[in-house]
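Engineer: From the sequence below, what's the structure:
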Amino acid sequence: MRGGEAPRESRQKVTLVARMTSTVGNYDYIIDWEFQTDGLIRVEVGLSGMLMIKATPQDFVHVKDDETFEPLVSENAIGVVHDHYITFYLDMDVDGVNNSFVNIDLIKEEVKSLKSPRKSIYKPYRKVAKKEDDAKVKLSLYNPSEFHVVNPSKLSRLGNPSGYKLVPTATAASLLDLHDPPQIRSAFTNNQIWVTPYNKNEQWAGGLLTYQSRGDDTLASWSKRNRPIENTDIVVWYTLGFHHVPCQEDFPVMPTVSSSFDLKPVNFFDRNPILRAAPASFDDLPVCSVRSSINI
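Structural biologist: Prediction:
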């Protein structure tokens, strides 16, 4: 509101949710694909299930500063510290098959003008990934970027290429040594984002038989070929990760832990697409009535 005036109209937020739930071992994974009326696609992952534990003679623990420890979640039960990684295979095809992956790097610059009180600003710099090595991304708060998938042949009336951007949220990276056998099998976690040319035989980031893999048929091994990925049919791989240090509230059944990422239109529409939706009216509001309370 502005100046004490009530808003004259609004737009309802409507979301279509497609949910998939899978049980892998002792964990349940809930994956929601949310399709929103403004063109945004949000993917949310929830983790729940039975906590993995191991037995211990301890029934009480005192953790001192600067010491490693194993989290005691119940008497004689230690919660195993572990990770979860979910890799999404995103065959984007934005406005057609031939797409490019673009990094929009935000670069700080010093203000050299003596007339300005400002000391620094930042500007976006556009960089198109030519080959696979150019699109291997390790996320960093202090080296921020936007990650666009665009169709360079489909331009808006202003000359911007039609695109969608991948917007990561909270995630995690593997802490294991690169030569550790589990990390060799799961080398797809070495980066949070990979881009490869489409190949119908490359569908599983950890290979077809992950637990028996030696790392020779994984996303990391395919990407070593450093193939061209500009203006062609590409696949974006995004890995969502969780570090889990268990606590007492996680035992025996843990509350849902969740994170998400967005696929957001960027110059895909000529203007805000929600403006095409009819404004909400009084008749659209839910009907609520007062229910009498009963004293027991």
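Engineer: Would you mind measuring from Trp98 to Ala135?
Structural biologist: Let me fix one detail, which is that residue 98 is Asn and not Trp. Note on Asn98: its distance to Ala135, by C-beta to C-beta, to the nearest Å, is 16 Å. Any C-beta I mention is one placed from the backbone N, CA and C, and that applies to glycine too.
Engineer: Give me the more crowded residue out of these two.
Structural biologist: Ala135 (25 against 16; other C-beta atoms under 10 Å).
Engineer: Is the more buried one in contact with Gln192, as I believe?
Structural biologist: No: in this structure, Ala135 is not within contact of Gln192 by C-beta atoms under 8 Å, at 11.4 Å.
Engineer: neighbouring strands for the helix or strand encompassing Glu146, and are they parallel or not?
Structural biologist: In the assignment (DSSP states H and E), Glu146 maps to strand 145-155. Using DSSP bridges, strand 145-155 pairs in its sheet with strand 100-110 (antiparallel), strand 161-168 (antiparallel).
Engineer: mind listing what's buried in the shortest one?
Structural biologist: Pointing back at strand 161-168 there. Pro161, Ser162, Gly163, Tyr164, Lys165, Leu166, Pro168 (16 or more other C-beta atoms under 10 Å).
Engineer: what's in contact with it?
Structural biologist: 90, 92, 94-95, 102, 139, 146-152, 154-156, 192-193, 236, 238, 261-268 (C-beta atoms under 8 Å, 6 or more residues apart in numbering).
Engineer: Buried only: go through the residues you listed for me.
Structural biologist: 90, 92, 94-95, 102, 146-151, 154, 192-193, 236, 238, 261-268.
Engineer: all helices for the stretch 101-250 of the chain, in order.
Structural biologist: Remark: helices assigned in the stretch 101-250 of the chain by DSSP state H, counting those that start in this stretch are 181-185, 219-223.
Engineer: Now do the last one: which elements does it pack against?
Structural biologist: Counting contacts by 3 or more C-beta pairs under 8 Å, 6 or more residues apart in numbering; DSSP states H and E, helix 219-223 packs against strand 193-197.
Engineer: Contact partners for Pro11?
Structural biologist: Check again: residue 11 is Arg, not Pro. Thr37, Ile274, Leu275, Ala277, Pro279, Ala280 are the contacts of Arg11 under C-beta under 8 Å, 6+ apart.
Engineer: lowest-pLDDT helix or strand in the chain?
Structural biologist: helix 181-185 (a mean of 92; mean pLDDT, DSSP states H and E).
Engineer: Check the gap between the closest residue to Thr37 other than its chain neighbours and Ala277 for me.
Structural biologist: Sequence neighbours aside, Val14 is the residue nearest to Thr37 in space, at 5.1 Å (criterion: C-beta to C-beta, 6 or more residues apart in numbering). Taken as C-beta to C-beta, the spacing of Val14 relative to Ala277 amounts to 8 Å.
Engineer: Now for those two: what residues contact both?
Structural biologist: Residues touching both Val14 and Ala277 by C-beta under 8 Å, 6+ apart: Thr37.
Engineer: For Ala77, see how far away Ala135 is.
Structural biologist: Ala135 is 44 Å from Ala77, by C-beta to C-beta.
Engineer: out of the helices of the stretch 101-250 of the chain, nearest to Tyr122?
Structural biologist: helix 219-223 (30.1 Å; C-beta to C-beta).
Engineer: doesn't Trp33 fall inside a strand?
Structural biologist: Yes: when DSSP: H, G, I helix; E, B strand; the rest coil is applied, Trp33 is found to be in a strand.
Engineer: tell me the pLDDT at it?
Structural biologist: We have a pLDDT of 97 for Trp33.
Engineer: is it in a bridge, and if so with what?
Structural biologist: With DSSP bridges as the rule, Trp33 is bridged to Ala18, Val43.
Engineer: No further queries at this time; thank you.
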